[in-house]
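# I would like to see how this sequence folds:
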Amino acid sequence: MQKIRHTPVAPTRTQRLASGGEIDAHRHDDHQIAYASQGTIAVTTDAGSWVAPATRALWIPAGTVHRHQAHGELDLHLVGLPVTENPLGLDRPAVLAVGPLLRELIVAYTRTPADDSAPRHRLRAVMLDQLRVSPEQPLHLPTPTGPLLRELHDILRADPADNRSLDELGRQIGASARTLSRRLRAELGLSYPRWRTQIRLHHALILLAEDTPVTTVAHRCGWSSASTFIDVFRRTFGHTPGSRTADG
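Residues are numbered from 1 along each chain as shown. Take a look at the predicted model:
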């Protein structure tokens, strides 16, 4: 059984992680914000995984067992908040939009010395105000609990470009497409096409963080063309795959 570290106080700091680097499973008694100003950060919990490029930040509620993984060279900015302070009103992990102002506030706050000075208090207050109005983003990939959906999940994560129909995949795992569709709706609240697209987008973000060309990403993730992939990416994230910075 994996040992889970308990670090009561969530740190506020900046640290670097090499591509593929990890912070193992742990939990805090505080809330935490994780933001990567460079690279893409993935956070995994029992409920699923969340991926955030430089235009997004992750909200991790107090008590959530989680682990971090870096995709691409990572500049990770961590902000700890006491459990009594929840600017988002969220009791579950979430991905938040990060605009240019919030980006600079998080970077400045995590790089300045922790003290009780008035300028730092003002910086923190503006950062929290910006967090309160940051819209939540659809970047959660829920982890199924039932054995059939877990098997289907493993197949699609292993090869996001697998274009077989749900009928064909169902025959492989011994279930009808109707049964799988019903369980997806009941357990994850998603249709099969939407779930498969979420899996593909998560994989695409990781490949992009590793500087994989957009055309190659589209092919590896199952889109018929780069233009189709770019269109889906833009509709989901509000920018093209080549624009991955908070000000871009």
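# ok, now which ones touch the nearest residue to P135 once chain neighbours are set aside?
For P135, ignoring the flanking residues on the chain, the nearest one in space by Cβ to Cβ, 6 or more residues apart in numbering is A97 at 5.1 Å. C-beta coordinates here come from the backbone N, C-alpha and C atoms, glycine included. Shown in contact with A97 (Cβ atoms under 8 Å, 6 or more residues apart in numbering): T55, R56, S134, P135, E136, Q137, G238.
# Let me know the pLDDT of the residue nearest to the second one when sequence neighbours are not counted.
Counting by Cβ to Cβ, 6+ apart, R56 lies nearest to V95, which is 5.0 Å off, once chain neighbours are set aside. What the model reports as pLDDT for V95 is 88.
# before we move on, what SS does V95 have?
Counting by DSSP: H, G, I helix; E, B strand; the rest coil, the backbone at V95 sits in strand.
# Enumerate every residue touching it.
With Cβ under 8 Å, 6+ apart, V95 has these contacts: W50, V51, A52, R56, A57, L58, W59, E136, Q137, P138, L139, H140.
# Looking at the contacts of A97, state which has the most neighbours.
R56 (25 neighbours; other Cβ atoms under 10 Å).
# List the contacts of that one.
Counted by Cβ under 8 Å, 6+ apart, R56 has contacts Y35, V95, L96, A97, V98, Q137, L139.
# moving C-terminal of the lowest-mean-pLDDT helix or strand in the chain, what's the next helix or strand?
In the chain, the helix or strand scored least confidently by mean pLDDT, DSSP states H and E is strand 136-137, which has a mean of 76. Using DSSP states H and E, the next helix or strand after strand 136-137 towards the C-terminus is strand 140-142.
# hmm, who's touching that following strand?
Outside strand 140-142, the residues touching it (Cβ under 8 Å, 6+ apart) are 47-51, 93-95, 188, 190, 198-199, 202.
# Spell out which strands sit alongside that strand in the sheet and which way each one runs.
Looking at strand 140-142 with DSSP bridges, its partner strands are strand 48-52 (antiparallel).
# pLDDT of the helix or strand encompassing A34, averaged?
Assigned by DSSP H and E, A34 belongs to strand 31-45. What strand 31-45 shows for mean pLDDT is 91.
# That strand pairs with which strands, parallel or anti?
Going by DSSP bridges, the partners of strand 31-45 are strand 48-52 (antiparallel), strand 56-60 (antiparallel), strand 66-81 (antiparallel).
# next one: the second one to chain centre, how far?
In this view, strand 56-60 has its centroid 7 Å away from the chain centroid, taken as Cα atoms, centre = their mean, to the nearest Å.
# where along this structure do the helices fall?
Using DSSP state H, the helices assigned to the chain run over residues 100-111, 118-132, 147-158, 166-173, 177-188, 192-209, 214-220, 226-237.
# Where do the domain boundaries of the protein fall?
Following automatic domain parsing, one finds the domains of the chain at 5-140, 144-237.
# so what's I4 up against?
I4 touches A25, H26, R27, V65, counting by Cβ under 8 Å, 6+ apart.
# Understood, closing this out.
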